[in-house]
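Peer 1: Kindly generate the corresponding structure for this input.
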Amino acid sequence: MARKSNHCSYSFYLSKCFIDDWMSDIFTSSRKRRFLVKTYQMINLSSKRVMAEHITIATSFFQRAKGLLGCSKLKDTEGIYIPNCRSIHMFFMMFSIDAIFVDREMKITKIIQNLKPFMIGFGTLKSKGVIELSNGFLRTNSCNIGDKINFY
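Peer 2: Take a look at the predicted model:
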C-alpha cells in the first residue's frame, strides 16, 4: 500500500497562514495598527523638537504596498515612514496628506503640503524615503528643506 504524501496539505496550510497574516495586516485599522506595530517619535534635530509621536516604519513589502490605504484619517501625531521611496501615489485614498521626502542622511529634500487623493507626489533625485503625515501637519510643525529628521 502506497503511503499518502502530506506535502499538498502542508503547502496549502502554509499558504493559508500567509494569506491570513497578509489579510489581517491589510484590514487593520489605523487605531489598532498603532498598538500592533512599533511606533517611533519623529524628532527634528535641527530645531530639537518632537514633531510626531506615532510614526510607523514600513519595512515589509506588504506594509510598503499598503501604506495608508484603508485608513479613514490620520491623527495629528500619526504617520508612516517608507524607506527607499522616491514617489508616492494617492490612488484610492480618502483624505489629503502632507509628505516629507528625505535623503540617506535623513535630511529633508522636498516638502509637499496638502497632497490630495488621486494625485502623485514626486521627490527629488536625492530622496531615499518619504514620511506621510496628516494634512495640515506642516502648517503647525514648521520644518525646512535641509533639516535633519530622526526616529527614536
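
Peer 1: Show me what the residue most central in space within the chain is bridged to.
Peer 2: Centroid-nearest residue in the chain: residue 80, 3.2 Å away (criterion: Cα atoms, centre = their mean). Note on residue 80: beta-bridge partners by DSSP bridges are residue 56, residue 132.

Peer 1: can you tell me which residues contact it?
Peer 2: 55, 56, 57, 58, 67, 68, 131, 132 (Cβ atoms under 8 Å, 6 or more residues apart in numbering). Quick note: C-beta positions are derived from backbone N, CA and C, even for glycine.

Peer 1: any chance of those in JSON lines, plus neighbour count, distance to residue 95 and pLDDT?
Peer 2: Shown next, in JSON lines, are those (neighbours: other Cβ atoms under 10 Å; distance: Cβ to Cβ, whole Å; pLDDT from 0 to 100):
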{"residue": "55", "neighbour count": "23", "distance to residue 95": "18", "pLDDT": "95"}
{"residue": "56", "neighbour count": "21", "distance to residue 95": "17", "pLDDT": "93"}
{"residue": "57", "neighbour count": "16", "distance to residue 95": "21", "pLDDT": "94"}
{"residue": "58", "neighbour count": "22", "distance to residue 95": "18", "pLDDT": "93"}
{"residue": "67", "neighbour count": "19", "distance to residue 95": "13", "pLDDT": "85"}
{"residue": "68", "neighbour count": "24", "distance to residue 95": "9", "pLDDT": "87"}
{"residue": "131", "neighbour count": "26", "distance to residue 95": "16", "pLDDT": "96"}
{"residue": "132", "neighbour count": "28", "distance to residue 95": "11", "pLDDT": "95"}
